[in-house]
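Peer 1: build me a model from this:
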Amino acid sequence: MNQLIQSLVERSRNAQRVLRSYDQEKTDAIVKMFAKVIFDNAEPLAKLAVEESRMGVYEDKVTKNRGKSRIIWNALKGKRSIGVIGTDEEAGLIEVAKPMGVIAAATPCTNPIVTPMCNAMYAVKCQNTIIIAPHPRSKKCAMAVAELYYKELDRMGVPRDIFLVIEEPSIELTNELMAACDVVLATGGAGVVKSAYSSGKPSYGVGPGNVQGLIDEGIDYKAAAGRMIASRIFDNGIICSGTQTIIAPEKDYDTVIKEFVSQGAFYIDDKAVIDKLAEVVFPNGVINKKVVGQSVKTIADLAGISVPQGTKVIIVKPEKHGAGVVWSKEKMCPMMAAYSYQTWEEAVQIAYDNLVYEGEGHSADIQSNDKNHIEYAGLKLPVSRVVVNQTCSSMAGGAFANSLNPTTTLGCGSWGNNAISENLFYTHLMNKSRIAFVKKDWKQPTDEEIFA
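Peer 2: Residues are numbered from 1 along each chain as shown. So this is what the prediction gives:
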């Protein structure tokens, strides 16, 4: 094993022995600190994230730093995660929570502040220690977070080594860390997730996003457009839960598009211009790194097209959808593809075809007031989350307005080759012992009763 990784893991294990000696109150004080430090330093950390990653929007990163720290700590407050966490007298069961050990967390340059924070909060909540393996384009961010944490950990008399960082990360070091730790959290591209699942350790990964946006007939089109634009443009479109498409009723299609245009969209249905954009956004069918997390102006300039001042998002209308069409894929920039449908079943099929091509298992954005339509989409689409009448990019990862676990790691189930089809939560980072007693007044049913 690499000496650096061996040293980091040994230090982490020693710190975990100390962490395990703390009671719930002291453990929670550390977790709260992890959130409050990011909340209090939201602006300088957002500035550093934009500068180092060279993508995203400063104001949106400030919002994200404050929002995620706020909601994740609120969800963890008062939750038992140490010792006896549940008793069921009737079932004769007592549940005891125990740590998993040392957590390896590979974190992305798209979320260089809140992902390390979230992972650390969930790990330490269950008395695990954590080692962060940041993307090379976010190593300064990871160390900035660490230094802020160390100052507070010193004040609290807690070992710094409960939160460690690979200061000069590489693919090789990250892979060695994954193999040496007890559990792996992998948030990032397909490569790092595949490495996590190849590490030989229990792993939680994510799948690619490609959130399909379905607009139902009769919905408030103005409100729907506002939510979907906000979802698409947040942090210049690098959020995996950002809405990628507009699937609108054919009879109201022009009305819907006018709403988007009135709220800052630039609509393109000229095939020649769309093809020109495709060459820039998806050269050789693969997303261009030069457009990821960049502004509308940057993308337009690269393509040599002119867009009005103040344009928030570019909407293209492809001739086809599904497999083989680049616009059916995830666009990690302020761009959307628009389609029309005649029946709700057709709308869901368009979404299904695009998801199967890319993004299967992630999320869908439904703008509808028809419960039957919403449930139909929920039954048919291969997604882990269906977010209804919300801003998907900021709410699929949990929000005060819904009951999804607040997180920065959105599991995509077996569709996305992930272990979980829900939002990662602290409960995924604890082992449980179950103490089983003989049930009171138990009685075995007769064979006739069993097979009746």
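Peer 1: and the helices in the stretch 101-250 of the chain?
Peer 2: For the stretch 101-250 of the chain, the helices defined by DSSP state H, counting those that start in this stretch occupy 114-125, 139-156, 171-180, 190-197, 221-233.
Peer 1: spit out the contact partners of residue 9.
Peer 2: Shown in contact with residue 9 (Cβ atoms under 8 Å, 6 or more residues apart in numbering): 102, 131, 177, 180, 181. In this view, the C-beta of every residue, glycine as well, is placed from N, C-alpha and C.
Peer 1: and with 10 Å instead?
Peer 2: 1, 101, 102, 104, 129, 131, 164, 176, 177, 180, 181, 182 (Cβ atoms under 10 Å, 6 or more residues apart in numbering).
Peer 1: with residue 128 instead?
Peer 2: Contacts for residue 128 (Cβ under 10 Å, 6+ apart) come out as 12, 16, 19-20, 99-103, 119-120, 122, 162, 181-183, 426, 429-431.
Peer 1: and these, which of them are buried?
Peer 2: Those of the contacts of residue 128 that meet the buried threshold are 12, 16, 19, 99-103, 119-120, 122, 162, 181-183, 426, 429-430, by 16 or more other Cβ atoms under 10 Å.
Peer 1: picking up where we left off before, rebuild the contacts of residue 9 as TSV, extending it with pLDDT and distance to residue 58.
Peer 2: Converted to TSV, those look like this (pLDDT from 0 to 100; distance: Cβ to Cβ, whole Å):
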residue	pLDDT	distance to residue 58
1	73	40
101	98	37
102	98	34
104	97	30
129	98	32
131	98	29
164	98	28
176	96	34
177	96	31
180	96	36
181	97	33
182	97	37
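Peer 1: could I get the residues you listed as a markdown table with distance to residue 76?
Peer 2: A markdown table is the format used below for the contacts of residue 9 (distance: Cβ to Cβ, whole Å):
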| residue | distance to residue 76 |
| --- | --- |
| 1 | 33 |
| 101 | 20 |
| 102 | 20 |
| 104 | 21 |
| 129 | 17 |
| 131 | 21 |
| 164 | 21 |
| 176 | 31 |
| 177 | 25 |
| 180 | 27 |
| 181 | 22 |
| 182 | 21 |
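Peer 1: which of the residues you listed lies closest to residue 234?
Peer 2: Of all the contacts of residue 9, residue 104 has the smallest distance to residue 234: 28.5 Å, by Cβ to Cβ.
Peer 1: count of neighbours near residue 270?
Peer 2: For residue 270, the count of nearby residues is 12 (other Cβ atoms under 10 Å).
Peer 1: torsion angles phi and psi at it?
Peer 2: Torsion angles at residue 270 (phi, psi; degrees, to the nearest 10) stand at phi -80, psi 120.
Peer 1: isn't residue 260 right up against residue 243?
Peer 2: No: with contact defined as Cβ atoms under 10 Å, residue 260 does not count as touching residue 243 (11.5 Å).
Peer 1: shared neighbours, the two?
Peer 2: Common neighbours of residue 260 and residue 243 (Cβ under 10 Å, 6+ apart) are 228, 229, 232, 313, 336.
Peer 1: closest one of the residues you listed to residue 28?
Peer 2: Closest to residue 28, out of all of the shared contacts of residue 260 and residue 243 and judged by Cβ to Cβ, is residue 232, at 36.7 Å.
Peer 1: least confident secondary structure element in this protein?
Peer 2: When each helix and strand of the chain is scored by mean pLDDT, DSSP states H and E, helix 190-197 comes last, with a mean of 88.
Peer 1: can you list contacts of that one?
Peer 2: With contacts defined as Cβ under 10 Å, 6+ apart, helix 190-197 is touched by 104-108, 133, 135, 171, 174-175, 178-179, 183-188, 202-208, 412, 416-419.
Peer 1: closest to residue 404 out of the helices of the stretch 101-250 of the chain?
Peer 2: Here helix 114-125 is closest among the helices of the stretch 101-250 of the chain (Cβ to Cβ), at 13.8 Å.
Peer 1: average pLDDT across that closest one?
Peer 2: Averaged across helix 114-125, pLDDT comes to 98.
Peer 1: nearest spatial neighbour of residue 304, skipping sequence neighbours?
Peer 2: Spatially, and ignoring its direct neighbours in sequence, residue 304 is nearest to residue 276 (7.2 Å; Cβ to Cβ, 6 or more residues apart in numbering).
Peer 1: er, residue 402 actually
Peer 2: Closest residue to residue 402 apart from its sequence neighbours, by Cβ to Cβ, 6+ apart: residue 395 at 6.1 Å.
Peer 1: tell me how many other residues crowd that neighbour.
Peer 2: If you count neighbours by other Cβ under 10 Å, residue 395 ends up with 23.
Peer 1: quick one: it and residue 358, what's the gap?
Peer 2: Using Cβ to Cβ, to the nearest Å, one gets 22 Å for the distance from residue 395 to residue 358.
Peer 1: what of residue 180?
Peer 2: Noted for residue 180: a distance of 33 Å to residue 358, by Cβ to Cβ.
Peer 1: between these two, which one's more packed in?
Peer 2: residue 180 (20 against 17).
Peer 1: residue 63 and residue 90: what is the separation?
Peer 2: For residue 63 relative to residue 90 (Cβ to Cβ), the value is 46 Å.
Peer 1: oh sorry, the question was meant for residue 408
Peer 2: 37 Å.
Peer 1: comparing those two, which residue is more hemmed in?
Peer 2: Legend: neighbour count by other Cβ under 10 Å for residue 408 and residue 90, higher for residue 408 (28 against 8).
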